[in-house]
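J.: The following block contains a protein sequence and its predicted model.
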Amino acid sequence: MSPTFRALHNHNYRLYAAGSLVSNTGTWMQRVAQDWLVLTLGGGGTALGITTGLQFLPVLLLSPYAGVIADRFPKRRLLQLTQASMGVMSLLLGVLAVTGSAQIWMVYVIAFAFGVGSAFDGPARQSFVSEMVGPDDLTNAVGLNSASFNLARLLGPALAGLMIHALGDGSRATGWVILINAVSYAAVIGQLERMDRRALRSPKPTGRRPGALVEGVRYVRSQPRMVMILVLVFFAGTFGMNFMITSALMATQEFGKGAGEFGVLGSALAVGSLAGALLAARRERIRLRLLVLAAVGFGTALLVASALPTYLTFALFSPVIGFCTLTMLNSANATIQLSAAPELRGRVLALYMTIVMGGTPIGSPVIGFVGEHFGARWTLVSGGLLTLVGVVAAVAVYARMTGGWRALLAETRTPSGRRTAPADLELATAR
(Lines give C-alpha, C1' and ligand atoms only; values in the text may rest on other atoms or scores of the structure.)
Protein backbone atom coordinates (compact mmCIF):
# COMPACT_ATOMS: atom_id res chain seq x y z
CA MET A 1 0.00 0.00 0.00
CA SER A 2 1.21 3.52 -0.77
CA PRO A 3 2.86 5.29 2.20
CA THR A 4 0.27 8.02 1.84
CA PHE A 5 -2.56 5.59 2.70
CA ARG A 6 -0.80 3.08 4.95
CA ALA A 7 -3.19 3.57 7.92
CA LEU A 8 -6.02 2.18 5.77
CA HIS A 9 -4.66 -1.33 6.18
CA ASN A 10 -6.34 -1.19 9.60
CA HIS A 11 -9.92 -2.55 9.38
CA ASN A 12 -11.36 -0.33 12.10
CA TYR A 13 -9.74 2.78 10.67
CA ARG A 14 -11.13 2.01 7.19
CA LEU A 15 -14.63 1.87 8.64
CA TYR A 16 -14.08 5.10 10.54
CA ALA A 17 -12.65 6.92 7.51
CA ALA A 18 -15.53 5.91 5.26
CA GLY A 19 -18.19 7.03 7.72
CA SER A 20 -16.37 10.27 8.44
CA LEU A 21 -16.16 11.20 4.76
CA VAL A 22 -19.94 10.94 4.39
CA SER A 23 -20.64 12.83 7.61
CA ASN A 24 -18.04 15.53 6.95
CA THR A 25 -19.51 16.18 3.52
CA GLY A 26 -22.91 16.71 5.10
CA THR A 27 -21.40 18.96 7.77
CA TRP A 28 -19.81 21.24 5.18
CA MET A 29 -23.08 21.36 3.27
CA GLN A 30 -24.83 22.52 6.42
CA ARG A 31 -22.19 25.15 7.19
CA VAL A 32 -22.80 26.83 3.85
CA ALA A 33 -26.58 26.40 4.13
CA GLN A 34 -26.70 27.74 7.68
CA ASP A 35 -24.77 30.88 6.78
CA TRP A 36 -26.91 31.40 3.69
CA LEU A 37 -30.03 30.91 5.82
CA VAL A 38 -28.89 33.71 8.13
CA LEU A 39 -28.36 35.99 5.14
CA THR A 40 -31.76 35.17 3.63
CA LEU A 41 -33.41 35.93 6.98
CA GLY A 42 -32.00 39.46 6.84
CA GLY A 43 -28.81 39.01 8.85
CA GLY A 44 -25.50 40.61 7.92
CA GLY A 45 -21.87 40.21 8.91
CA THR A 46 -22.57 40.67 12.60
CA ALA A 47 -25.34 38.04 12.54
CA LEU A 48 -23.01 35.59 10.78
CA GLY A 49 -20.38 36.25 13.41
CA ILE A 50 -22.84 35.71 16.25
CA THR A 51 -24.07 32.44 14.72
CA THR A 52 -20.55 31.10 14.32
CA GLY A 53 -19.59 32.35 17.76
CA LEU A 54 -22.55 30.66 19.43
CA GLN A 55 -21.79 27.39 17.65
CA PHE A 56 -18.24 27.40 18.98
CA LEU A 57 -18.94 28.92 22.41
CA PRO A 58 -19.65 25.49 23.99
CA VAL A 59 -16.22 24.37 22.79
CA LEU A 60 -14.71 27.16 24.86
CA LEU A 61 -16.90 26.45 27.88
CA LEU A 62 -17.16 22.67 27.86
CA SER A 63 -14.16 21.16 26.05
CA PRO A 64 -11.92 20.87 29.14
CA TYR A 65 -14.64 18.92 30.94
CA ALA A 66 -15.34 16.96 27.74
CA GLY A 67 -11.70 15.85 27.79
CA VAL A 68 -12.18 14.42 31.27
CA ILE A 69 -15.27 12.56 30.01
CA ALA A 70 -13.31 11.22 27.02
CA ASP A 71 -10.69 9.74 29.37
CA ARG A 72 -13.35 8.22 31.66
CA PHE A 73 -15.69 6.48 29.19
CA PRO A 74 -15.36 4.24 26.10
CA LYS A 75 -14.81 6.64 23.23
CA ARG A 76 -16.59 4.54 20.61
CA ARG A 77 -19.89 4.65 22.51
CA LEU A 78 -19.40 8.30 23.44
CA LEU A 79 -18.94 9.19 19.78
CA GLN A 80 -22.16 7.46 18.83
CA LEU A 81 -24.03 9.56 21.38
CA THR A 82 -22.49 12.86 20.29
CA GLN A 83 -23.07 12.15 16.61
CA ALA A 84 -26.71 11.33 17.31
CA SER A 85 -27.20 14.57 19.27
CA MET A 86 -25.81 16.68 16.41
CA GLY A 87 -27.98 14.80 13.94
CA VAL A 88 -31.08 15.73 15.95
CA MET A 89 -30.12 19.42 15.95
CA SER A 90 -29.58 19.36 12.19
CA LEU A 91 -32.96 17.70 11.72
CA LEU A 92 -34.69 20.39 13.79
CA LEU A 93 -33.03 23.28 11.93
CA GLY A 94 -33.76 21.68 8.57
CA VAL A 95 -37.45 21.21 9.35
CA LEU A 96 -37.77 24.81 10.55
CA ALA A 97 -36.15 26.12 7.37
CA VAL A 98 -38.14 23.89 4.99
CA THR A 99 -41.44 24.86 6.60
CA GLY A 100 -40.57 28.56 6.45
CA SER A 101 -40.70 28.87 10.25
CA ALA A 102 -37.04 29.65 10.85
CA GLN A 103 -36.06 32.95 12.45
CA ILE A 104 -32.58 34.21 13.23
CA TRP A 105 -32.97 33.70 16.97
CA MET A 106 -33.87 30.05 16.32
CA VAL A 107 -30.71 29.62 14.28
CA TYR A 108 -28.75 31.08 17.21
CA VAL A 109 -30.29 28.64 19.71
CA ILE A 110 -29.79 25.57 17.53
CA ALA A 111 -26.24 26.60 16.64
CA PHE A 112 -25.44 26.75 20.36
CA ALA A 113 -27.07 23.35 21.02
CA PHE A 114 -25.19 21.89 18.06
CA GLY A 115 -22.00 23.25 19.56
CA VAL A 116 -22.64 21.43 22.84
CA GLY A 117 -22.61 18.11 21.01
CA SER A 118 -19.53 19.17 19.06
CA ALA A 119 -17.71 20.11 22.28
CA PHE A 120 -18.06 16.58 23.65
CA ASP A 121 -17.47 14.97 20.25
CA GLY A 122 -14.12 16.65 19.53
CA PRO A 123 -11.82 15.31 22.27
CA ALA A 124 -13.26 11.81 21.98
CA ARG A 125 -12.94 11.79 18.19
CA GLN A 126 -9.41 13.15 18.15
CA SER A 127 -8.09 10.78 20.82
CA PHE A 128 -9.97 7.78 19.37
CA VAL A 129 -7.64 7.78 16.36
CA SER A 130 -4.75 6.53 18.50
CA GLU A 131 -6.96 3.65 19.69
CA MET A 132 -7.62 2.48 16.14
CA VAL A 133 -4.04 2.65 14.83
CA GLY A 134 -0.64 2.09 16.38
CA PRO A 135 1.96 4.82 17.02
CA ASP A 136 3.75 4.05 13.74
CA ASP A 137 0.63 4.92 11.74
CA LEU A 138 -0.70 7.74 13.91
CA THR A 139 0.84 10.61 11.96
CA ASN A 140 -0.44 9.08 8.73
CA ALA A 141 -3.93 8.60 10.19
CA VAL A 142 -4.05 12.23 11.34
CA GLY A 143 -3.07 13.29 7.82
CA LEU A 144 -5.69 11.06 6.23
CA ASN A 145 -8.32 12.42 8.62
CA SER A 146 -7.42 15.88 7.40
CA ALA A 147 -7.57 14.68 3.79
CA SER A 148 -11.04 13.21 4.36
CA PHE A 149 -12.20 16.38 6.08
CA ASN A 150 -10.93 18.55 3.26
CA LEU A 151 -12.21 16.29 0.49
CA ALA A 152 -15.59 16.76 2.16
CA ARG A 153 -14.85 20.47 2.35
CA LEU A 154 -14.23 20.38 -1.38
CA LEU A 155 -17.46 18.54 -2.16
CA GLY A 156 -19.79 19.92 0.51
CA PRO A 157 -19.79 23.68 -0.19
CA ALA A 158 -20.04 23.14 -3.94
CA LEU A 159 -22.95 20.70 -3.56
CA ALA A 160 -24.67 23.01 -1.09
CA GLY A 161 -24.26 26.06 -3.31
CA LEU A 162 -25.59 24.22 -6.37
CA MET A 163 -28.54 22.76 -4.46
CA ILE A 164 -29.51 26.07 -2.87
CA HIS A 165 -29.34 27.80 -6.24
CA ALA A 166 -31.34 25.04 -7.96
CA LEU A 167 -34.02 25.12 -5.27
CA GLY A 168 -34.52 28.88 -5.41
CA ASP A 169 -31.92 30.47 -3.08
CA GLY A 170 -34.45 30.93 -0.23
CA SER A 171 -34.64 29.59 3.31
CA ARG A 172 -36.56 26.49 2.20
CA ALA A 173 -33.71 25.60 -0.15
CA THR A 174 -31.21 25.79 2.72
CA GLY A 175 -33.46 23.56 4.82
CA TRP A 176 -33.29 20.65 2.36
CA VAL A 177 -29.49 20.88 2.39
CA ILE A 178 -29.44 20.84 6.19
CA LEU A 179 -31.71 17.78 6.25
CA ILE A 180 -29.19 15.91 4.12
CA ASN A 181 -26.60 16.56 6.82
CA ALA A 182 -28.98 15.24 9.49
CA VAL A 183 -29.14 11.91 7.66
CA SER A 184 -25.35 11.77 7.13
CA TYR A 185 -24.65 11.26 10.84
CA ALA A 186 -26.04 7.74 10.53
CA ALA A 187 -22.95 6.81 8.50
CA VAL A 188 -20.56 7.41 11.41
CA ILE A 189 -22.86 5.81 13.99
CA GLY A 190 -23.24 2.68 11.86
CA GLN A 191 -19.52 2.31 11.10
CA LEU A 192 -18.63 2.69 14.78
CA GLU A 193 -21.06 -0.13 15.56
CA ARG A 194 -19.39 -2.42 12.96
CA MET A 195 -15.89 -2.06 14.45
CA ASP A 196 -13.94 -4.95 15.96
CA ARG A 197 -13.71 -3.81 19.58
CA ARG A 198 -11.05 -6.42 20.36
CA ALA A 199 -8.63 -4.68 17.99
CA LEU A 200 -8.95 -1.27 19.65
CA ARG A 201 -6.00 -0.05 21.73
CA SER A 202 -8.13 1.53 24.41
CA PRO A 203 -6.29 2.71 27.54
CA LYS A 204 -7.76 1.87 30.91
CA PRO A 205 -10.39 4.48 31.84
CA THR A 206 -9.07 6.91 34.42
CA GLY A 207 -12.09 6.67 36.66
CA ARG A 208 -13.73 9.50 38.52
CA ARG A 209 -11.44 11.41 40.84
CA PRO A 210 -11.03 15.02 41.95
CA GLY A 211 -8.46 17.16 40.17
CA ALA A 212 -8.50 15.29 36.84
CA LEU A 213 -8.93 18.49 34.84
CA VAL A 214 -6.26 20.34 36.82
CA GLU A 215 -3.91 17.41 36.26
CA GLY A 216 -4.28 17.81 32.51
CA VAL A 217 -3.68 21.57 32.66
CA ARG A 218 -0.54 21.14 34.76
CA TYR A 219 0.78 18.53 32.36
CA VAL A 220 0.32 20.81 29.36
CA ARG A 221 1.90 23.78 31.17
CA SER A 222 5.02 21.70 31.78
CA GLN A 223 5.52 20.99 28.05
CA PRO A 224 7.16 23.89 26.12
CA ARG A 225 6.19 22.40 22.77
CA MET A 226 2.52 22.22 23.73
CA VAL A 227 2.43 25.71 25.22
CA MET A 228 3.95 27.14 22.06
CA ILE A 229 1.39 25.37 19.89
CA LEU A 230 -1.51 26.59 22.01
CA VAL A 231 -0.39 30.21 21.81
CA LEU A 232 0.03 30.00 18.04
CA VAL A 233 -3.27 28.29 17.27
CA PHE A 234 -5.15 30.66 19.57
CA PHE A 235 -4.29 33.66 17.41
CA ALA A 236 -4.72 31.79 14.11
CA GLY A 237 -7.97 30.10 15.13
CA THR A 238 -9.53 33.12 16.81
CA PHE A 239 -8.77 35.80 14.24
CA GLY A 240 -7.56 34.12 11.05
CA MET A 241 -9.69 31.03 10.49
CA ASN A 242 -13.10 32.67 10.07
CA PHE A 243 -13.42 31.51 6.48
CA MET A 244 -17.19 31.14 6.40
CA ILE A 245 -17.54 34.78 7.42
CA THR A 246 -14.74 36.21 5.29
CA SER A 247 -15.72 34.22 2.21
CA ALA A 248 -19.38 35.11 2.58
CA LEU A 249 -18.60 38.82 2.94
CA MET A 250 -16.06 38.85 0.12
CA ALA A 251 -18.44 37.00 -2.21
CA THR A 252 -21.50 39.14 -1.46
CA GLN A 253 -20.21 42.57 -0.42
CA GLU A 254 -16.97 42.91 -2.34
CA PHE A 255 -17.70 40.96 -5.52
CA GLY A 256 -21.53 40.97 -5.67
CA LYS A 257 -21.89 37.21 -6.09
CA GLY A 258 -24.51 34.67 -4.97
CA ALA A 259 -24.78 31.30 -3.22
CA GLY A 260 -23.12 29.31 -6.00
CA GLU A 261 -20.00 31.50 -6.08
CA PHE A 262 -19.89 31.52 -2.27
CA GLY A 263 -19.86 27.72 -2.29
CA VAL A 264 -17.09 27.68 -4.89
CA LEU A 265 -14.84 29.71 -2.56
CA GLY A 266 -15.20 27.04 0.13
CA SER A 267 -14.29 24.37 -2.39
CA ALA A 268 -11.31 26.39 -3.59
CA LEU A 269 -9.99 26.57 -0.03
CA ALA A 270 -10.47 22.82 0.24
CA VAL A 271 -8.39 22.14 -2.89
CA GLY A 272 -5.32 23.55 -1.14
CA SER A 273 -6.22 21.90 2.16
CA LEU A 274 -6.60 18.50 0.50
CA ALA A 275 -3.22 18.86 -1.19
CA GLY A 276 -1.66 19.80 2.14
CA ALA A 277 -3.33 16.88 3.90
CA LEU A 278 -2.09 14.30 1.39
CA LEU A 279 1.42 15.72 1.66
CA ALA A 280 1.18 15.65 5.46
CA ALA A 281 0.11 12.00 5.38
CA ARG A 282 3.49 11.07 3.85
CA ARG A 283 5.53 12.67 6.63
CA GLU A 284 6.99 10.40 9.26
CA ARG A 285 7.89 13.24 11.63
CA ILE A 286 6.63 16.72 12.31
CA ARG A 287 9.07 19.51 13.20
CA LEU A 288 8.15 22.66 15.03
CA ARG A 289 9.82 24.81 12.42
CA LEU A 290 7.34 23.45 9.84
CA LEU A 291 4.51 24.58 12.10
CA VAL A 292 6.02 28.07 12.44
CA LEU A 293 6.64 28.44 8.71
CA ALA A 294 3.12 27.28 7.90
CA ALA A 295 1.65 29.82 10.34
CA VAL A 296 3.72 32.62 8.81
CA GLY A 297 2.58 31.50 5.37
CA PHE A 298 -1.05 31.48 6.52
CA GLY A 299 -0.93 35.01 7.93
CA THR A 300 0.85 36.30 4.83
CA ALA A 301 -1.63 34.57 2.51
CA LEU A 302 -4.54 36.34 4.23
CA LEU A 303 -2.86 39.69 3.67
CA VAL A 304 -2.26 38.91 0.00
CA ALA A 305 -5.87 37.76 -0.46
CA SER A 306 -7.15 41.02 1.00
CA ALA A 307 -5.58 42.93 -1.89
CA LEU A 308 -6.78 40.76 -4.78
CA PRO A 309 -8.93 42.81 -7.17
CA THR A 310 -11.46 40.34 -8.61
CA TYR A 311 -13.52 37.32 -7.65
CA LEU A 312 -11.55 35.15 -10.07
CA THR A 313 -8.15 36.07 -8.62
CA PHE A 314 -9.52 35.60 -5.10
CA ALA A 315 -10.90 32.16 -5.94
CA LEU A 316 -7.68 31.09 -7.68
CA PHE A 317 -5.58 32.18 -4.70
CA SER A 318 -7.81 30.53 -2.08
CA PRO A 319 -6.08 27.10 -2.39
CA VAL A 320 -2.88 28.74 -1.10
CA ILE A 321 -4.73 29.79 2.05
CA GLY A 322 -6.14 26.29 2.41
CA PHE A 323 -2.73 24.66 1.99
CA CYS A 324 -1.11 26.85 4.65
CA THR A 325 -4.02 26.37 7.05
CA LEU A 326 -3.99 22.60 6.77
CA THR A 327 -0.22 22.32 7.11
CA MET A 328 -0.34 24.47 10.24
CA LEU A 329 -3.22 22.60 11.88
CA ASN A 330 -2.03 19.13 10.92
CA SER A 331 1.43 19.85 12.31
CA ALA A 332 -0.09 21.14 15.55
CA ASN A 333 -2.54 18.23 15.90
CA ALA A 334 0.01 15.50 15.19
CA THR A 335 2.53 17.06 17.56
CA ILE A 336 -0.01 17.24 20.37
CA GLN A 337 -1.23 13.66 19.87
CA LEU A 338 2.21 12.10 19.62
CA SER A 339 3.58 14.07 22.55
CA ALA A 340 0.74 13.41 25.00
CA ALA A 341 0.77 10.56 27.50
CA PRO A 342 -2.00 8.05 26.56
CA GLU A 343 -3.83 8.33 29.88
CA LEU A 344 -3.97 12.13 29.49
CA ARG A 345 -4.56 12.33 25.75
CA GLY A 346 -8.28 13.15 25.98
CA ARG A 347 -7.67 16.04 28.36
CA VAL A 348 -4.70 17.33 26.37
CA LEU A 349 -6.64 17.28 23.10
CA ALA A 350 -9.59 18.92 24.83
CA LEU A 351 -7.39 21.81 25.90
CA TYR A 352 -6.00 22.02 22.38
CA MET A 353 -9.48 22.14 20.88
CA THR A 354 -10.58 24.69 23.47
CA ILE A 355 -7.85 26.98 22.21
CA VAL A 356 -8.03 26.35 18.47
CA MET A 357 -11.84 26.39 18.27
CA GLY A 358 -12.92 27.99 21.53
CA GLY A 359 -11.51 31.34 20.49
CA THR A 360 -14.07 31.54 17.70
CA PRO A 361 -16.79 33.03 19.96
CA ILE A 362 -14.36 35.87 20.58
CA GLY A 363 -13.03 36.29 17.08
CA SER A 364 -16.11 35.67 14.93
CA PRO A 365 -18.24 38.58 16.24
CA VAL A 366 -15.18 40.83 16.05
CA ILE A 367 -14.39 39.83 12.47
CA GLY A 368 -18.07 40.10 11.53
CA PHE A 369 -18.21 43.61 13.04
CA VAL A 370 -15.06 44.61 11.16
CA GLY A 371 -16.53 43.36 7.89
CA GLU A 372 -19.86 45.09 8.39
CA HIS A 373 -18.41 48.47 9.38
CA PHE A 374 -15.03 48.65 7.61
CA GLY A 375 -15.46 46.32 4.64
CA ALA A 376 -14.85 42.68 3.78
CA ARG A 377 -11.19 43.17 2.93
CA TRP A 378 -10.39 44.33 6.45
CA THR A 379 -11.55 40.98 7.84
CA LEU A 380 -8.62 39.39 6.01
CA VAL A 381 -6.16 42.15 6.90
CA SER A 382 -6.94 41.98 10.61
CA GLY A 383 -6.87 38.17 10.62
CA GLY A 384 -3.53 38.03 8.83
CA LEU A 385 -1.83 40.62 11.03
CA LEU A 386 -3.04 39.05 14.28
CA THR A 387 -1.93 35.61 13.12
CA LEU A 388 1.59 36.95 12.55
CA VAL A 389 1.49 38.55 16.00
CA GLY A 390 0.60 35.10 17.36
CA VAL A 391 3.62 33.51 15.66
CA VAL A 392 5.95 36.01 17.30
CA ALA A 393 4.31 35.47 20.69
CA ALA A 394 4.47 31.67 20.39
CA VAL A 395 8.17 31.64 19.50
CA ALA A 396 8.88 34.06 22.36
CA VAL A 397 7.09 31.79 24.84
CA TYR A 398 8.96 28.74 23.60
CA ALA A 399 12.28 30.56 23.84
CA ARG A 400 11.55 31.62 27.39
CA MET A 401 10.62 28.10 28.49
CA THR A 402 13.56 26.37 26.78
CA GLY A 403 16.26 29.03 27.15
CA GLY A 404 16.55 29.85 23.44
CA TRP A 405 14.79 29.84 20.07
CA ARG A 406 17.56 28.32 17.96
CA ALA A 407 16.29 24.81 18.65
CA LEU A 408 13.41 25.56 16.28
CA LEU A 409 15.85 25.86 13.40
CA ALA A 410 18.45 23.28 14.45
CA GLU A 411 18.84 20.05 12.48
CA THR A 412 21.19 17.09 12.57
CA ARG A 413 21.85 14.23 10.17
CA THR A 414 21.19 10.60 10.90
CA PRO A 415 23.83 8.02 9.91
CA SER A 416 21.80 7.27 6.77
CA GLY A 417 22.07 10.88 5.69
CA ARG A 418 18.40 11.72 6.16
CA ARG A 419 17.84 15.04 7.81
CA THR A 420 15.91 14.93 11.04
CA ALA A 421 15.21 17.01 14.08
CA PRO A 422 17.32 17.05 17.25
CA ALA A 423 16.19 15.04 20.23
CA ASP A 424 14.23 17.80 21.91
CA LEU A 425 12.14 18.39 18.79
CA GLU A 426 11.71 14.88 17.45
CA LEU A 427 8.36 13.36 18.37
CA ALA A 428 8.33 10.10 20.26
CA THR A 429 6.40 7.47 18.30
CA ALA A 430 5.94 5.07 21.21
CA ARG A 431 5.12 5.38 24.88
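T.: Looks like it came in fine.

J.: distance of the residue lying closest to residue 384 once chain neighbours are set aside from residue 321?
T.: Distances taken as C-beta to C-beta, 6 or more residues apart in numbering place residue 302 nearest to residue 384, at 3.3 Å, with adjacent residues excluded. In this view, the C-beta of every residue, glycine as well, is placed from N, C-alpha and C. Counting by C-beta to C-beta, to the nearest Å, the gap from residue 302 to residue 321 is 7 Å.

J.: picking that back up, now the residue nearest to residue 384. Its backbone dihedrals?
T.: phi -60, psi -40 (degrees, to the nearest 10).

J.: How many residues are close by it?
T.: When neighbours are counted by other C-beta atoms under 10 Å, residue 302 registers 28.

J.: is it true that it touches residue 386?
T.: No. If you go by C-beta atoms under 8 Å, residue 302 and residue 386 don't touch, sitting 9.5 Å apart.

J.: Overlap in contacts, the two.
T.: Both residue 302 and residue 386 are contacted by residue 240, under the criterion C-beta atoms under 8 Å, 6 or more residues apart in numbering.

J.: circling back: mind listing the shared neighbours of residue 302 and residue 321?
T.: Contacts common to residue 302 and residue 321, judged by C-beta under 8 Å, 6+ apart, are absent.

J.: For this structure, give the helix that spans the most residues.
T.: helix 135-166 (DSSP state H).

J.: list the helices and strands it packs on?
T.: Using 3 or more C-beta pairs under 8 Å, 6 or more residues apart in numbering; DSSP states H and E, the elements in contact with helix 135-166 are helix 11-40, helix 104-132, helix 171-194, helix 259-281, helix 311-339.

J.: Go again with 6 Å.
T.: Secondary-structure packing of helix 135-166 (3 or more C-beta pairs under 6 Å, 6 or more residues apart in numbering; DSSP states H and E): helix 11-40, helix 171-194, helix 259-281, helix 311-339.

J.: quick one: buried residues of it?
T.: For helix 135-166, a neighbour-count test (16 or more other C-beta atoms under 10 Å) marks 135, 137-161, 163-165 as buried.

J.: show me where pLDDT drops low in the stretch 151-300 of the chain?
T.: 202-213, 259, 281-286 (pLDDT under 70).

J.: low pLDDT regions in the stretch 301-431 of the chain?
T.: 342-343, 357-361, 404-431.

J.: Show me the helices in it, by range?
T.: 311-339, 345-358, 360-374, 376-402 (DSSP state H, counting those that start in this stretch).

J.: when you compare where the shortest one runs with where helix 104-132 runs, what's the angle?
T.: Orientation of helix 345-358 against helix 104-132 (axes from the mean of the first three to the mean of the last three C-alpha atoms, to 10 degrees) gives an angle of 150 degrees.

J.: And for the third one?
T.: With the same axes, to 10 degrees defining the directions, helix 360-374 sits at 140 degrees from helix 104-132.

J.: Helix 360-374: how far from the chain's middle?
T.: Computed by C-alpha atoms, centre = their mean, to the nearest Å, the chain-centroid distance of helix 360-374 equals 19 Å.

J.: What is the neighbour count of the closest residue to residue 307 other than its chain neighbours?
T.: Nearest residue to residue 307, sequence neighbours excluded (C-beta to C-beta, 6+ apart): residue 377, at 7.6 Å. Residue 377 has 19 neighbours, counted by other C-beta under 10 Å.

J.: Repeat that for residue 249.
T.: 28.

J.: ditto for residue 403
T.: If you count neighbours by other C-beta under 10 Å, residue 403 ends up with 9.

J.: shift numbering so it begins at 23
T.: Okay, using 23 as the starting number, the last item reads as residue 425.

J.: Relative to residue 246, how far out is it?
T.: Distance of residue 425 to residue 246, computed by C-beta to C-beta: 10 Å.

J.: isn't residue 149 right next to residue 371, touching?
T.: Yes. Using C-beta atoms under 6 Å, residue 149 is in contact with residue 371, at 5.2 Å.

J.: Counting neighbours, go ahead and name the busier of those two.
T.: A count of neighbours by other C-beta under 10 Å puts residue 371 above the other of residue 149 and residue 371, at 29 against 24.

J.: That one and residue 151, how far apart?
T.: Counting by C-beta to C-beta - residue 371 and residue 151 are separated by 10 Å.

J.: With residue 284 instead?
T.: 32 Å.

J.: With residue 123 instead?
T.: In terms of C-beta to C-beta, residue 123 sits 39 Å off from residue 151.

J.: neighbour count winner among those two?
T.: Between residue 123 and residue 151, counted using other C-beta under 10 Å, residue 151 has the larger neighbour count: 22 against 11.

J.: give me every residue that touches the closest residue to that one other than its chain neighbours.
T.: Distances taken as C-beta to C-beta, 6+ apart place residue 163 nearest to residue 151, at 5.2 Å, with adjacent residues excluded. Counting by C-beta atoms under 6 Å, 6 or more residues apart in numbering, residue 163 touches 29, 151, 155.

J.: Distance of residue 163 relative to residue 140?
T.: Per C-beta to C-beta, residue 163 is found 21 Å from residue 140.

J.: and residue 279, which of the three is it?
T.: What DSSP: H, G, I helix; E, B strand; the rest coil gives for residue 279 is coil.

J.: ok, it - contacts?
T.: By C-beta under 6 Å, 6+ apart, the contact list for residue 279 reads residue 273.
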